[in-house]
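In: structure here, sequence nowhere to be found:
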């Protein structure tokens, strides 16, 4: 089961679960200022203790900040349909960590926008969906997409993101991590137990996926 700290930390930060998204909402390939709201995806991969695998992001947009396990958008290939959220999450895990994970739980979503302080012509304006899954095998950091990786308790991420209030260019975490973990109490919805239920169900449904020594080999 997820640790008590993991569950308690998440109770304070959750928006309602939404279970569907329209392909009409997807806008791809444009991260310049004032672009339309589009769908974003962040994945959170959990170990047997309920810790989240964090990625030190390496990207032309919002470079050198810590995110959750990976970030992407639904893609469209030629005449094919736009990827579903779970298909995009599966691809993200494969590209960033070399693992294929098909069992994803759509947990929470939040709307946010932020400029890139290192290159102000870029921004994110997203309806962000967080999908979670458990890791059933060792993972390997794709150095093209990340500088480093580490495991962290959700309570630690929440505590650090709430105190990460310096100038935007000096902040440790990506703005979408702040959006998820730094919601003021007055904005918390009446259903904070939604993600707790999702995690509990996931841990119960797949109790034997975890390999005891699974890890990145380069925690920092």
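Out: Great, that's in hand. Given the structure is predicted, the values throughout are model-derived calculations rather than measurements.
In: next, the buried residues of stretch 149-166.
Out: Within stretch 149-166, the residues scored as buried using 16 or more other Cβ atoms under 10 Å are 149, 151, 152, 153, 154, 155, 157, 158, 160, 161, 164. Where C-beta positions appear, they are placed from N, C-alpha and C, glycine not excepted.
In: what's the mean pLDDT across it?
Out: For stretch 149-166, mean pLDDT rounds to 88.
In: quick one on the thing from earlier: show me the buried residues of stretch 149-166 that map onto helices.
Out: The helices in this structure, assigned by DSSP state H, contain 154, 155, 157, 158, 160, 161 from the buried residues of stretch 149-166.
In: hmm, back to that, show me which of the buried residues of stretch 149-166 is closest to residue 142.
Out: Relative to residue 142, the closest of these is residue 149; by Cβ to Cβ it sits at 9.8 Å.
In: roughly how far does the closest one sit from residue 120?
Out: Look at residue 149 and residue 120: by Cβ to Cβ, to the nearest Å, they are 28 Å apart.
In: same check, this time on residue 94
Out: As judged by Cβ to Cβ, residue 94 and residue 120 stand 32 Å apart.
In: check residue 126 too.
Out: According to Cβ to Cβ, residue 126 and residue 120 sit 17 Å apart.
In: the more surrounded of the two?
Out: Comparing residue 126 with residue 120 by other Cβ atoms under 10 Å, the one with more neighbours is residue 126, at 25 against 10.
In: ok, for that one, nearest residue in space, not its chain neighbours?
Out: For residue 126, ignoring the flanking residues on the chain, the nearest one in space by Cβ to Cβ, 6 or more residues apart in numbering is residue 40 at 3.6 Å.
In: which element is the one you found on?
Out: Using DSSP states H and E, residue 40 sits within strand 38-46.
In: that strand to helix 154-163, inter-axis angle?
Out: 140 degrees (axes from the mean of the first three to the mean of the last three Cα atoms, to 10 degrees).
In: what helices and strands are in contact with the next helix or strand after strand 38-46?
Out: Where DSSP H and E defines the elements, the next helix or strand beyond strand 38-46 is strand 52-57. Of the remaining helices and strands, those touching strand 52-57 by 3 or more Cβ pairs under 8 Å, 6 or more residues apart in numbering; DSSP states H and E are strand 38-46, strand 66-67, strand 146-152, helix 154-163.
In: what residues does strand 52-57 touch?
Out: Residues from elsewhere that reach strand 52-57 (Cβ atoms under 8 Å, 6 or more residues apart in numbering): 44-47, 63-71, 96-97, 135, 139, 141, 145-154, 157, 174, 216, 220.
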